[in-house]
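>>> A predicted structure for the sequence below; I have some questions about it.
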Amino acid sequence: MGSVKYLIQDNSKAGKLYHPPQQNEFGLGAWQVTGNFSVKDLKEKIPESVIKYKPEALAMTNAAFFEYIAENQPQIRTCYVGLLDPDGKIVDSQTLLKKGQTSSIVIMKLAHTPKSYSNGNLAQYRKALISGELGCGVADIESIFRKGLPLGSSIFAKIFESVGLRKEYEKLTTYEEVVKGLDKIRATIQQRTSDFSELEKILEKYKTGKDSEMILPNPGFILKKITYDSTTKFEESGDRDLTKEEEKKLSGLDYEGYEAWTKSIFPKIVEEQIEFTKERKILNVDGKCECVSFRRKPVVTDFACTVDENRLMVAFIHNCSVWAIPSNKEIQRAIFKQAGVDTAISEAKRRAENTGDINQWKNYIPQVTTEMKIDLKAIAEHSCNLMSYAMAEVANRTLDEGLFDVPPLTSWINDFLLYASKIEYQQ
């Protein structure tokens, strides 16, 4: 499965816009959004399957948010330029919507990445970015926010891992299964037969309890305060949690730029995302944002506030409780997990590590999935069908209720119930 978007570099009107980034200057390019998807960093290892509505839904909602930011927070610099209309002109989302049109091509300023700057040599790229030799490069960090802990949140994986139950968690997919697993941990905590220092660190970080209380949250727990984390962006072995010192270093930003990003720009982007989605009856529980280190100062890049970057959820009433269903690839993560893909990835990484290079773990995926009798193509097609409805629902709420012709929510929501989160607000 290819990337969710690719840079157009041909003789088309979109392709002719392409100008590569320079050492200290932005380039310009047109991104074609596809119906592809990536789960668990598998990307090209997933057989070809597409999500209906995704190209236009992702491009248009991304544009709508950046245009909202430009109007409400004009001091925040971004790489977003506009959308390409059918005539090859760069326009905004409202111009297209007024004509009853959509676009799947997003125009953005371009910055260097390890692939474009150092032919994929991450160490060389980092050295140039950190030293300031490279003045226009994407920071090797992904800034993450959490306003809630939905089903599938990495926090639950960390909770289970902290008490030695990571392998058990890899097999848990639904809300009921995860809650039963958490109940098992709660019972162990009450007995106080083990050391829970690592678990306590996790719960302290996310302030799930009051004072010294250690409250283990269920999926759907909405935090009072937003929490922030960061991971690496370009490491082939996957996202790695960063300390503040690592984050500052790998950002490529100077002191002033780093302070602006972490204390002003990113938190403000998050606040605006949550407000933007709330106004449109969408629950935004977590997401990420990226920046370019442009002459050591931050400029927001990549897509933002879409179902690919955020967990944008749709709330509904079920059995007298408020539940929320995922519209992002969390539904696909859950389906892949239920089929045993998480376990297969762990085994692929183990085999790669045993040969001395864990970064080559993807090469072991075909062999491992065959041995485990996992049909990636069938799993991908089923998950794509479910996600297309949820994605279109969010896009309609964001842009225009009738933009994408999908059945009413009540006619397909039952398929999501297993993967829904029961909403509970922190006291």
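Received, thanks. This structure is a prediction, so every number in the text was calculated from the model and none was measured.
>>> number of nearby residues for the closest residue to Ala139 other than its chain neighbours?
Using CB to CB, 6 or more residues apart in numbering and skipping the chain neighbours, the partner closest in space to Ala139 is Ser251 (4.5 Å). (Each C-beta comes from the backbone N, C-alpha and C, glycine too.) Residues lying near Ser251 (other CB atoms under 10 Å) number 24.
>>> which residues touch Ser251?
The neighbours of Ser251, taking CB atoms under 8 Å, 6 or more residues apart in numbering as the test, are Ala139, Asp140, Ile141, Gly257, Tyr258, Trp261, Cys291, Ser293, Pro298.
>>> now Ile155
Contact partners of Ile155, counting by CB under 8 Å, 6+ apart, are Arg146, Leu149, Ile202, Tyr206.
>>> now swap in Gln338 and tell me
By CB under 8 Å, 6+ apart, the residues touching Gln338 are Thr173, Thr174.
>>> who touches Leu42 in this structure?
Met1, Val341, Ile345, Lys362, Ile365, Leu376.
>>> pLDDT value on it, please?
Here, the pLDDT recorded for Leu42 equals 72.
>>> element containing Ala57?
Assigned by DSSP states H and E, Ala57 falls within helix 54-72.
>>> I misspoke; the intended subject was Tyr6.
strand 5-7.
>>> was I right about Pro407 contacting Tyr389?
Yes - using CB atoms under 8 Å, Pro407 is in contact with Tyr389, at 7.1 Å.
>>> ok so, going back, adding distance to Leu28, write the contacts of Ile155 out as CSV.
Formatted as CSV, the contacts of Ile155 follow (distance: CB to CB, whole Å):
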residue, distance to Leu28
Arg146, 33
Leu149, 39
Ile202, 43
Tyr206, 40
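>>> out of those, what pair is the most spread apart?
Taking CB to CB, the two most distant members of the contacts of Ile155 are Arg146 and Ile202; they sit 12.0 Å apart.
>>> neighbour count: the two, which is higher?
Shown here are Arg146 and Ile202; by other CB under 10 Å, Arg146 has more neighbours (22 against 18).
>>> quick one, what contacts the more buried one?
Contacts for Arg146 (CB under 8 Å, 6+ apart) come out as Ser153, Ile155, Tyr206, Leu223, Ile226, Thr227, Tyr228, Asp229, Val285, Asp286.
>>> so who does the first one touch?
Shown in contact with Ser153 (CB under 8 Å, 6+ apart): Arg146, Pro219, Asp286, Arg311.
>>> and the third one, which of the three is it?
In this case it means Asp286. strand (DSSP: H, G, I helix; E, B strand; the rest coil).
>>> out of everything not next to it in sequence, what's closest to it?
Distances taken as CB to CB, 6+ apart put Arg146 closest to Asp286, at 4.5 Å, once the chain neighbours are dropped.
>>> which one's more surrounded, Pro407 and Tyr389?
Set Pro407 next to Tyr389 and count neighbours by other CB under 10 Å: Tyr389 wins out with 23 against 10.
>>> shouldn't the more buried one be within a strand?
No - secondary structure of Tyr389 (three-state DSSP): helix, not part of a strand.
>>> for it, which residues are in contact?
The contact partners of Tyr389, by CB under 8 Å, 6+ apart, come to Val406, Pro407, Trp412.
>>> make TSV out of those residues and add distance to Asn36.
What follows is the contacts of Tyr389, written out as TSV (distance: CB to CB, whole Å):
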residue	distance to Asn36
Val406	20
Pro407	24
Trp412	22
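>>> buried residues in the helix holding Ala57?
Using 16 or more other CB atoms under 10 Å as the test for burial, helix 54-72 gives 54-69.
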